[in-house]
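Trainee: take this sequence and fold it.
(one chain, ligands or ions: 1)
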Amino acid sequence: MFADLIIRSDTIVSCEEHLPFKAVDGYVAVLKDRIQSFAAGEAPAAICGPDTHLIDARGQTVVPGLIDSHTHLIHGGSRENELALKLKGASYLEILKMGGGILSTVAATRNASRDELKAKARQSLDQMLLHGTTTVEAKSGYGLDLENEVKCLELARELNLEHPVDIVSTYMGAHAIPAEYKSNPDEYMQLMLDTVMPYVAQAGLAEFMDVFCEEGVFSPAQAQILMEAGQKLGFKLKIHADEIIPLQSAELATVMHAISADHLLAASDEGLQAMQDAGVTAVLLPGTSFYLMLGKYAQARKMIDKGMRVALASDYNPGTCPCENLQTVMTFACFGMHLSPVEILQAMTINAAHAVDRASEIGSIAAGKRADLLILNAPNWDYVVYHFGINHVDKVIKNGVIVVDNGQLI
Ligand SMILES: [Zn+2]
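Mentor: The predicted model follows:
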């Protein structure tokens, strides 16, 4: 069978499951939306037909499309007004107590029309794609009532069909207690359990469910009730775990067989060990640590050295990490967490695919997987992390189609 597209490069990093990754001098052949073959050397004549598109990427680096496994993609408004407060030392939980932070985004999201929200999210998806992200996990959680949670999840579904970036949808009604339930959070729990979660499950609007388990948000006991109910409804589970205050939510992720536990700055050694034993992927968000000026990061070095599976994501959201660009996150992962460039690549490709339960489909260059590929203007992978602050993407191939060329959307 002739290939539709063949990329020839002296530096293809395929990102199989485990390090070390070796760069291959070879070719990747694409047929329709899939990788037909990947091997060292020249592509055999048998797959080079008269209509096969050949890309000579020698001198450039080819890697799988990046996977952003934790974002809050769809939301209204922006929160640059909080920057001055933060610089004066107000913490995330203090700003939340003042009715700012996430609750101001909830108001902006509820007030925004579908068209406004969609246009804003589409712009973010464009930025992600331009910087090499080909699959993104997107959480709801700024609607916090039936109408607005469903509105955001429906928009994610539409954008998934309309935009080249694939969206993995997550219901996160348990992102905050909405202002109208401030004095009666149990009633909000009941609304989610009785009404919103069954509706979202029945309408097939989300594959995952996520809970913000944190002091002043949802307690471990509440998180467990929600996760158990979510599991019964067929959701796969994620949890915002041990971000600020240690609440043993890494342990809870393990008990609940979550696919991932995310943040983990305050996770205990026992919690991390339990995650490792149970194969729960740690999703770390160094851009958020940087932006919150925490002066510390999750212990990624320790987690990787002990053999945990670590993914890195942007946490793109309007309050604590307004950044769609995973290449920026690489900078913090390297210089904040002291991860090597190749560990970072693994954490944004195959490990991130595990974090969204797509490891058999995406995250590495292998025959049969989706043809999601980046061609980077870099002589080797290390160079991409070393030379920070610019966009290295030359071409993005998504599902076998060139969607970014010469650094521009097509
Ligand atoms: Zn988050």
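
Trainee: sticking with Thr109, tell me its helix or strand.
Mentor: Thr109 is located in helix 102-111, with elements delineated by DSSP states H and E.

Trainee: identify the residues contacting that helix?
Mentor: Under the criterion CB atoms under 8 Å, 6 or more residues apart in numbering, residues 74-77, 79, 96, 117, 142-145, 148, 152, 175-176, 178-179, 318-319 lie in contact with helix 102-111. Yep, even glycine has a C-beta here, placed from its N, CA and C like the rest.

Trainee: past that helix, which element shows up next along the chain?
Mentor: helix 114-130.

Trainee: which secondary element of this structure has the worst mean pLDDT?
Mentor: In the chain, no helix or strand scores lower on mean pLDDT, DSSP states H and E than helix 92-97, which sits at a mean of 79.

Trainee: quick one: the helices in the stretch 51-200 of the chain?
Mentor: In the stretch 51-200 of the chain, the segments counted as helices under DSSP state H, counting those that start in this stretch are 83-87, 92-97, 102-111, 114-130, 146-162, 185-191, 197-202.

Trainee: pLDDT averaged over the last one, what's the number?
Mentor: Right, the one you point to is helix 197-202. The average pLDDT within helix 197-202 is 98.

Trainee: give me the secondary structure label for Glu215.
Mentor: Secondary structure assignment for Glu215 (DSSP: H, G, I helix; E, B strand; the rest coil): coil.

Trainee: and for Lys121, the neighbour number?
Mentor: One correction, residue 121 is Ala, not Lys. Ala121 has 21 neighbouring residues, counting by other CB atoms under 10 Å.

Trainee: so for it, what's the pLDDT?
Mentor: 98.

Trainee: then Leu83?
Mentor: We have a pLDDT of 89 for Leu83.

Trainee: next one: Leu376
Mentor: Among the per-residue scores, Leu376 shows a pLDDT of 98.

Trainee: ok, it - contacts?
Mentor: Contacts here follow CB under 8 Å, 6+ apart; on that basis Leu376 touches 60-63, 132, 384, 392-394.

Trainee: over to Gly319?
Mentor: 79, 82, 92, 101-102, 105.

Trainee: would you map the helices across the stretch 251-400 of the chain?
Mentor: Secondary structure of the stretch 251-400 of the chain by DSSP H, counting those that start in this stretch: the helices cover 269-278, 286-291, 300-305, 326-335, 341-348, 350-355, 381-386.

Trainee: tell me the most buried of these?
Mentor: Comparing the helices of the stretch 251-400 of the chain by mean neighbour count (mean count of other CB atoms under 10 Å), helix 350-355 comes out on top with a mean of 27.

Trainee: what helices or strands is that one leaning on?
Mentor: strand 66-68, strand 281-284, strand 310-312 (3 or more CB pairs under 8 Å, 6 or more residues apart in numbering; DSSP states H and E).

Trainee: which of the contacts of helix 102-111 count as buried?
Mentor: Those of the contacts of helix 102-111 that meet the buried threshold are 74-77, 79, 96, 117, 142-145, 148, 152, 175-176, 178, 318-319, by 16 or more other CB atoms under 10 Å.

Trainee: now stretch 362-369: buried residues?
Mentor: 362-366, 369.

Trainee: what is the end-to-end distance of it?
Mentor: 6 Å (CA to CA, to the nearest Å).

Trainee: what comes into contact with it?
Mentor: 12-17, 28, 34-38, 62-65, 67, 134-135, 166, 349-354, 360-361, 370, 372-373.

Trainee: the residues you listed in strands, which ones?
Mentor: 12, 28, 34-38, 62-64, 67, 134-135, 166, 373 (DSSP state E).

Trainee: end-to-end on stretch 401-409?
Mentor: 12 Å.

Trainee: residue contacts, Gln224?
Mentor: 252, 255-256.

Trainee: apply 10 Å and report the result again.
Mentor: Neighbour list for Gln224: 211, 213, 218, 239, 249, 252, 255-256 [criterion: CB atoms under 10 Å, 6 or more residues apart in numbering].

Trainee: from those, which is closest to Leu161?
Mentor: Val211 (27.5 Å; CB to CB).

Trainee: could you pull up phi and psi at that closest one?
Mentor: As for Val211, its main-chain torsions (degrees, to the nearest 10) stand at phi -130, psi 130.

Trainee: which residues does it bridge with?
Mentor: Beta-bridge partners for Val211, by DSSP bridges, are Ala174, Ile239.

Trainee: so it sits against Gln231, correct?
Mentor: No - at 11.7 Å, Val211 does not count as touching Gln231 under the criterion of CB atoms under 10 Å.

Trainee: joint contacts of the two?
Mentor: Residues touching both Val211 and Gln231 (CB under 10 Å, 6+ apart): 237, 256, 258.

Trainee: among those, which ones are in strands?
Mentor: Leu237.

Trainee: TSV please, covering the shared contacts of Val211 and Gln231 and showing pLDDT.
Mentor: Below are these laid out as TSV (pLDDT from 0 to 100):
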residue	pLDDT
Leu237	98
Met256	97
Ala258	98
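
Trainee: counting neighbours, which of the shared contacts of Val211 and Gln231 comes out on top?
Mentor: Neighbour counts for those, by other CB under 10 Å, peak at Ala258, which reaches 27 neighbours.

Trainee: quick one: residues contacting the nearest residue to it once chain neighbours are set aside.
Mentor: Closest residue to Ala258 apart from its sequence neighbours, by CB to CB, 6 or more residues apart in numbering: Leu237 at 4.1 Å. Leu237 makes contacts with 170, 208-211, 223, 226-228, 230-231, 252-253, 256-261, 280, as judged by CB under 10 Å, 6+ apart.
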